[in-house]
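Peer 1: Sequence first, then the predicted structure:
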Number of protein chains: 2
Amino acid sequence: MEILKVSSKSNPNLVAGALVNILKSDKKAQIHSIGAGALNQAIKSIAIARGYLTPSGQDLRCVPSFLEVEIDKEIKTAIKLEINLV
Amino acid sequence: MEILKVSSKSNPNLVAGALVNILKSDKKAQIHSIGAGALNQAIKSIAIARGYLTPSGQDLRCVPSFLEVEIDKEIKTAIKLEINLV
């Protein structure tokens, strides 16, 4: 499963393009983000990706969950967004 | 369709409870949020709501999109999360 790590500085249009490429080949993808700014970019990317999919009659669904990740020996709570092509 | 308006100050546990109640009766709901902090609370609420649904063998799917809303005569871009019980 391909995982896109999105930060608050990620460009939602570029993430959307990458997401659509993964979905077209794998039917599913994951986005991980830490913090409100990063999650905001992640969700915007998903909304934009839908616009890339609808012309070919496709759409996506997403499911959020919490994920503990260790960064610099510190445990942080990330949001994992599982995305499926439908 | 019931719409939950979530702000950066919303309590995700309370929003999750409200969301589950709506989903149990209507099978679907919408969450609207404006800004990264509000969206963060909204997504956390959805992740928590999944924990309330799984014991009864249910889950949810969500689909984000952009929404223009007028607040104090100013147009703002909100995120609309459409949530369906599955």
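Peer 2: Thanks, I have it.
Peer 1: which residues touch the residue nearest the centre of chain A?
Peer 2: In chain A, the centroid-proximal residue (CA atoms, centre = their mean) is residue A:31; its distance is 3.1 Å. Neighbouring residues of residue A:31 by CB atoms under 8 Å, 6 or more residues apart in numbering or on different chains: A:3-6, A:15, A:19, A:42, A:45-46, A:80-81, A:83. The way it works is simple: take the backbone N, C-alpha and C, and place the C-beta from them, glycine included.
Peer 1: redo that, cut-off 7 Å
Peer 2: Under the criterion of CB atoms under 7 Å, 6 or more residues apart in numbering or on different chains, the neighbours of residue A:31 are A:4, A:6, A:42, A:81, A:83.
Peer 1: So which of the residues you listed wins on neighbours?
Peer 2: Using other CB atoms under 10 Å in any protein chain shown as the neighbour test, these are led by residue A:42, with 30 neighbours.
Peer 1: After the helix or strand harbouring that one, which helix or strand is next? Please name it.
Peer 2: Following DSSP states H and E, one finds residue A:42 within helix A:36-53. Using DSSP H and E, the helix or strand that follows helix A:36-53 in sequence is strand A:60-71.
Peer 1: how far out from the middle of the chain is that following strand?
Peer 2: Centroid separation between strand A:60-71 and its chain, computed with CA atoms, centre = their mean, to the nearest Å, is 9 Å.
Peer 1: in whichever helix or strand comes after that strand, what's buried?
Peer 2: Scanning forward in sequence from strand A:60-71 by DSSP H and E, the next helix or strand is strand A:74-85. Neighbour counts over strand A:74-85 (16 or more other CB atoms under 10 Å in any protein chain shown) mark A:78-81, A:83, A:85 as buried.
Peer 1: Alpha carbons only: can I get strand A:74-85 in PDB?
Peer 2: What follows is strand A:74-85 as a C-alpha-only set of coordinates in PDB (Å, rounded to 0.1, in the frame of the first residue of the first chain):
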ATOM      1  CA  GLU A  74       8.800  11.200  20.500                       C
ATOM      2  CA  ILE A  75       5.400   9.500  20.100                       C
ATOM      3  CA  LYS A  76       3.000  11.700  18.000                       C
ATOM      4  CA  THR A  77      -0.600  11.000  17.000                       C
ATOM      5  CA  ALA A  78      -1.000  11.200  13.300                       C
ATOM      6  CA  ILE A  79      -4.200  10.900  11.300                       C
ATOM      7  CA  LYS A  80      -4.300   8.100   8.800                       C
ATOM      8  CA  LEU A  81      -6.700   8.500   5.900                       C
ATOM      9  CA  GLU A  82      -7.400   5.300   4.000                       C
ATOM     10  CA  ILE A  83      -8.700   6.100   0.500                       C
ATOM     11  CA  ASN A  84     -10.400   3.700  -1.800                       C
ATOM     12  CA  LEU A  85     -11.300   4.200  -5.500                       C
END
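Peer 1: I'm done for today, thanks for sticking with me.
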